[in-house]
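S.K.: kindly generate the corresponding structure for this input.
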Amino acid sequence: MARELGLAQRLSPAEYRELRQRRERADRGTRDLYERIKARRFALLDELHALNRVEWHSHDAGSEHPVTWDALAMVYGERPGILAELTILENCGAADLLRFLSAGEAARQAAIDGVLARGGVYDSGQQFVEVCGLLWDTWGGAVGLG
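M.R.: You can find the predicted model right below:
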């Protein structure tokens with residue numbers, strides 16, 4: 001319609017080529033970010049599943065087993081950080097994710113600690129997403145909190 005009204009401008013071949021290259025770079029950057037986030041999420045989910053299995057075996061072994069309490073201490077010590085990082089990866093906007101993934105280990109850990117201290121993050125819709133919105137029962141299933 002804009003072209004019919006004479007409002008649309010025609011791009012020169014050089015301008016069109018520049019615009020196309022800019023879009024291709026943006027698409028590549030988006031795909032790269034998606035792949036980095038997906039790989040990290042799967043790694044964190046694998047860690048979470050491993051912790052769930054340790055927790056399940058610890059409960060199965062009983063409180064009298066010599067390694068039960070150390071195993072449970074490890075599970076409950078590591079799980080909050082994993083859930084906080086998953087919360088960041090699944091709910092933050094692209095700019096925040098780029099900063100998070102590009103930061104050094106200390107800065108990423110500080111961000112995770114901040115999420116844990118606040119109890120969650122604000123998603124792109126400005127809704128607060130709680131880290132502790134899900135608890136894991138002893139069988140590894142999600143239990144929602146109201």
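
S.K.: make sure residue 63 is indeed in a strand.
M.R.: No. Counting by DSSP: H, G, I helix; E, B strand; the rest coil, residue 63 is not part of a strand but coil.

S.K.: that one: what's it in contact with?
M.R.: By CB atoms under 8 Å, 6 or more residues apart in numbering, the contact set of residue 63 is residue 69. For the C-beta atoms, the positions are set from N, CA and C on the backbone; glycine is no exception.

S.K.: just for the protein, where's the confidence low?
M.R.: Where the chain drops to pLDDT under 70, the residues are 1-8, 132-146.

S.K.: just the strands in it please.
M.R.: For the chain, applying DSSP state E gives strands covering 120-122, 128-130, 134-136, 142-144.

S.K.: grab the most central residue of the protein for me.
M.R.: Centroid-nearest residue in the chain, with CA atoms, centre = their mean: residue 89, separated by 1.6 Å.

S.K.: wait, that residue touches residue 36, no?
M.R.: No. Assessed by CB atoms under 8 Å, residue 89 is found out of contact with residue 36, at 9.5 Å.

S.K.: contacts for stretch 105-116, please.
M.R.: Applying CB under 8 Å, 6+ apart, the set of residues contacting stretch 105-116 is 80-81, 84-85, 87-88, 100, 103, 121, 131.

S.K.: one more pass at 6 Å, please.
M.R.: Identification of contacts with stretch 105-116 by CB atoms under 6 Å, 6 or more residues apart in numbering yields 80-81, 84-85, 100, 121.

S.K.: between these, which sits nearest residue 62?
M.R.: Proximity of these to residue 62 (CB to CB) peaks at residue 80, which lies at 24.9 Å.
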